[in-house]
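Q: What follows is a protein structure lacking sequence information:
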């Protein structure tokens, strides 16, 4: 059995001005959605991304305007929706049907109307009605909410208030809540005793 490298191995080549923000497991035929700080998004098939070696820097997913950058990656699930949240605690969930497939590398389409009320996009997740999400603010406030309590909204809208913020505070991140049962299931799958699929 090979001995793991002490410092790990390169998974992707990163340019000096860039950073790795997220990694997702796909089935080889998935669609990905990239979401940017200024509320743009692009949906494309992973088949549009050619296979490359580990040290490669990859290909362009979305063309960015000046000062914009990608804040989230979501994998399309027809039985789920896309939850997008702004820094001022405003968010919404929208059907993936509203995100048409495009060619990789384009400018994309609006996923949230950003402005003074919403702030920039803080994050995005693929969610189902049965899920719960955790909202984390810059000042350390954590709020757990049920996805089914978030009203569905169109893609080109601002959304509704997800969390009340103190003056000067901002929403910094959103994360899916993993229940104890889900954690146990994940551990079983990693050990090879979970169900296949």
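A: Arrived safely. Quick caveat, the model's predicted, so the values are computed rather than measured.

Q: What is the burial count for residue 13?
A: Using other CB atoms under 10 Å, the number of residues around residue 13 comes to 13. C-beta here means a position set from N, CA and C on the backbone, and glycine is covered the same way.

Q: Can you tell me how far it is from residue 48?
A: Using CB to CB, to the nearest Å, one gets 20 Å for the distance from residue 13 to residue 48.

Q: where exactly do the helices run in the protein?
A: 180-190 (DSSP state H).

Q: Under the pLDDT cut-off, which ranges of it? List them.
A: Applying pLDDT under 70 to the chain picks out residues 1-2, 4-5, 180-197.

Q: What is the burial count for the residue nearest to residue 36 when sequence neighbours are not counted?
A: Spatial nearest neighbour of residue 36, excluding adjacent residues (CB to CB, 6 or more residues apart in numbering): residue 68 at 5.0 Å. Neighbour count of residue 68, defined by other CB under 10 Å: 16.

Q: mind checking the end-to-end distance for stretch 105-122?
A: For stretch 105-122, the first-to-last residue distance is 22 Å (CA to CA, to the nearest Å).

Q: ditto for stretch 146-156
A: 23 Å.

Q: Show residues contacting it.
A: Outside stretch 146-156, the residues that touch it by CB atoms under 8 Å, 6 or more residues apart in numbering are 81, 83, 91-95, 98-99, 109-111, 113, 127-133, 159-160, 162.

Q: If we use 7 Å, what do you get?
A: 83, 91-94, 98-99, 110-111, 113, 127-129, 131-133, 159-160, 162 (CB atoms under 7 Å, 6 or more residues apart in numbering).
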